[in-house]
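Undergrad: Predicted coordinates and the sequence they were generated for:
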Amino acid sequence: MNPVPILTDAALRRRISNAALLALTLLGGMVGCATTPKSQLQIPPQTFPADALITQRGVLTVFGGRQFTLNGYLATSATNGQRLVLTENFGSVLADVLLTPDGQAHVMKSSRAFKPKWIERYIAADVRCLLGLGGADCPGQQLAPDRFAITRRWYQLEVQTVNITPGLQPAETFVPPKSESR
Amino acid sequence: MKKPLFVLALLLAQLGWAADSKPDLHPVADPKPILAALEQKMAALNSVYLEFTQERQLKLFAAPLKSEGVMLIDRPGLIRWETSSPYQSIMLGNQKSVAQFEFTNGKWNKLKLGFSQALKQVMDQMTLMHQGKLDALTSDYTISVATGAVTVVTLVPKDENIRSLLAALEIHFPSDLATIQAVVMREPGDDYTRITFKREIRNPKYPANTFDQAKPLDLATIKATVTKSP
């Protein structure tokens, strides 16, 4: 026969105070979330040359904490836009996106890991943030002169710039596809 | 006077083209004897230390994208793939699991790997290739062999989805099949990744924790140990 638990006054008070503490903690957390503004990634001007090939290494942390490493090759042009090719560790292309000066994102290549919508919505936005062109939609921070973090609802991306080769990139790099199926 | 120069230029251009393309290779009708010889050669290898250069050739960019590192293999089924430049990363595999570390903020951080089974499969296949056990890959790849100044084993993925990412994997051996010189991963289109193995130390004795998935030994210590191995 199981003994019936008997709550003494002291035990009851302890339970109530524990519950109150938990409620206060949760409430405090919620208030904190509501009032603390999200920090915005602010890239200082001229962090990257206007015309360059920039190599970056990224760690993407998705919902549940799973992590993936990515290599990013970003060609920038002062007049023609930006082009990012994203690969996995052994070189396979996971995403390729062109950002044209008119503000459009053209998905040049997608993969099973990154669908066109995701590339258009998030990867393109993150490229703009990393180049200081993202406006107010860049939740994140600069971790070191060469390291940045972008934290969105679905993921966190930590990016380290590992190489910058200044110079004009081939013009064909920035030519959008003739027809795009949407 | 101009004509001989033109002919010379044409000749040089052709030679240049030949150097860029595959050397004169002849397909082998039955690759099995070569694959068996390869496995026999590699069976003598208990462990290997290789320094590599990885060149990613994207037609989009004029120059190849380069990285450097080491690949360490030991029996049974231990592998360590470490990129040392332009970033630092370690991938470790054994018969049961894989682990990855990234060097950020001045220290090594172990990642909570997503899709670890896919990475394990890649690491397992790399280990099999370096043990010459290419026959074990026939369920996933169609294997052909071509010989000439070098021997090239070409693996074409049977799975259509994988083929849309990786058109073919070429493994380049010297004619005596003693070692792997290079691995070329060809993608649909003209893009490819070439991994060239530059320095090889055969049968080194690795120090403890070289393949440790919790706290792997640092590369400088491993290098110092294996380069002193008799």
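TA: Structure's in. What do you need? Numbers count the residues shown, from 1 in each chain, chains lettered A, B, ... in the order given.

Undergrad: Break down chain A into its helices, ranges please.
TA: A:9-35, A:116-118, A:124-130 (DSSP state H).

Undergrad: Give the buried residues for the shortest one.
TA: Of the residues in helix A:116-118, those with enough neighbours to count as buried (16 or more other Cβ atoms under 10 Å in any protein chain shown) are A:116, A:118. Any C-beta I mention is one placed from the backbone N, CA and C, and that applies to glycine too.

Undergrad: Do any residues in that helix lie close to chain B?
TA: No: on the criterion Cβ under 8 Å from any Cβ of the partner chain, helix A:116-118 is out of touch with chain B, staying 15.0 Å away.

Undergrad: In the sheet, which residues pair with the most centrally placed residue in chain B? Tell me.
TA: Chain B has B:Val183 as the residue nearest its centroid, 4.3 Å off, counting by Cα atoms, centre = their mean. For B:Val183, the beta-bridge partners under DSSP bridges are B:Ile171, B:Ile195.

Undergrad: Quick check, pLDDT for it.
TA: The confidence metric pLDDT takes the value 92 at B:Val183.

Undergrad: repeat for A:Cys33
TA: Note for A:Cys33: predicted pLDDT of 40.

Undergrad: Report how far apart the opening and closing residues of stretch A:130-144 are.
TA: Stretch A:130-144 has an end-to-end distance of 13 Å (Cα to Cα, to the nearest Å).

Undergrad: Next, count neighbours for residue 133.
TA: Since no chain was named, I'll use chain A. 14 (other Cβ atoms under 10 Å in any protein chain shown).

Undergrad: wait, chain B
TA: For B:Lys133, the neighbour count with other Cβ under 10 Å is 16.

Undergrad: can I assume it is in contact with B:Ala36?
TA: No: with contacts counted by Cβ atoms under 8 Å, B:Lys133 stays clear of B:Ala36, the gap being 10.8 Å.

Undergrad: Please list the residues of chain B that sit near chain A.
TA: B:54, B:56, B:58, B:60-63, B:65, B:86-87, B:89, B:91, B:100, B:102, B:104-105, B:111-115, B:122, B:161, B:165-166, B:185, B:187, B:191, B:193.

Undergrad: Excluding sequence neighbours, find me the nearest residue to the residue of chain B found nearest chain A.
TA: Residue nearest to chain A within chain B: B:Gly114 (3.3 Å; Cβ to the nearest Cβ). Among residues not flanking B:Gly114 along the chain, A:Arg66 sits closest, at 3.3 Å (Cβ to Cβ, 6 or more residues apart in numbering or on different chains).

Undergrad: tell me the contacts of the one you found?
TA: Counting by Cβ atoms under 8 Å, 6 or more residues apart in numbering or on different chains, A:Arg66 touches B:112-115.

Undergrad: Can you tell me which of those has the most neighbours?
TA: B:Leu113 (19 neighbours).

Undergrad: Residues in a beta bridge with that one, which ones?
TA: Beta-bridge pairing of B:Leu113 under DSSP bridges involves A:Gln67.

Undergrad: State whether B:Leu128 is indeed within a helix.
TA: Yes: counting by DSSP: H, G, I helix; E, B strand; the rest coil, B:Leu128 is located in a helix.

Undergrad: Give me the pLDDT for A:Gly64.
TA: Confidence score, pLDDT, at A:Gly64: 85.

Undergrad: What backbone torsions are found at A:Phe48?
TA: Phi and psi for A:Phe48, reported as degrees, to the nearest 10, are phi -120, psi 140.

Undergrad: er, B:Met42 actually
TA: phi -80, psi -20.

Undergrad: Neighbours of it, how many?
TA: 21.

Undergrad: got it, and the one 5 residues further on?
TA: Here the number of neighbours of B:Ser47 (other Cβ under 10 Å) works out to 18.

Undergrad: Check A:Gly140 too.
TA: Around A:Gly140 there are 24 residues (other Cβ under 10 Å).

Undergrad: again, but for B:Pro204
TA: For B:Pro204, using other Cβ under 10 Å, the count is 21.

Undergrad: ok now do it, which residues does it touch?
TA: B:47-49, B:225-226, B:229.

Undergrad: do that again at 10 Å, thanks
TA: Listed by Cβ atoms under 10 Å, 6 or more residues apart in numbering or on different chains, the contact partners of B:Pro204 are B:46-49, B:72, B:74, B:210, B:222, B:225-230.

Undergrad: Chain neighbours aside, what residue packs nearest to B:Leu155?
TA: Per Cβ to Cβ, 6+ apart, closest to B:Leu155 is B:Tyr141, 3.8 Å.

Undergrad: pretty sure that neighbour contacts B:Leu134?
TA: Yes: applying Cβ atoms under 10 Å, one finds B:Tyr141 in contact with B:Leu134, separated by 8.4 Å.

Undergrad: More neighbours: which of the two?
TA: Between B:Tyr141 and B:Leu134, counted using other Cβ under 10 Å, the more crowded position is B:Leu134 (23 against 20).

Undergrad: so which strand or helix has the nearest residue to that one once chain neighbours are set aside?
TA: Leaving aside its sequence neighbours, B:Leu134 sits nearest to B:Leu35 (Cβ to Cβ, 6+ apart; 5.3 Å). The secondary structure element spanning B:Leu35 is helix B:32-43 (assigned by DSSP states H and E).

Undergrad: before we move on, what about B:Ser84?
TA: With DSSP H and E as criterion, B:Ser84 is part of strand B:78-85.

Undergrad: helices or strands next to that strand in the packing?
TA: Here strand B:78-85 touches strand B:47-57, strand B:65-74, strand B:89-93, strand B:98-104, helix B:116-130, helix B:219-228, going by 3 or more Cβ pairs under 10 Å, 6 or more residues apart in numbering or on different chains; DSSP states H and E.

Undergrad: Check those for me and report the most buried one.
TA: Mean neighbour count (mean count of other Cβ atoms under 10 Å in any protein chain shown) peaks for strand B:89-93 among these, with a mean of 24.

Undergrad: Distance from the chain centre to it, please.
TA: With Cα atoms, centre = their mean, to the nearest Å as the basis, strand B:89-93 stands 15 Å off its chain's centre.

Undergrad: C-alpha coordinates for it, CSV please?
TA: Coordinates of each C-alpha in strand B:89-93 appear next as CSV, following Å, rounded to 0.1, in the frame of the first residue of the first chain:
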residue,chain,number,x,y,z
SER,B,89,38.1,22.9,-38.7
ILE,B,90,38.5,19.2,-37.6
MET,B,91,36.2,16.3,-38.7
LEU,B,92,36.7,13.0,-36.9
GLY,B,93,35.2,9.7,-37.7
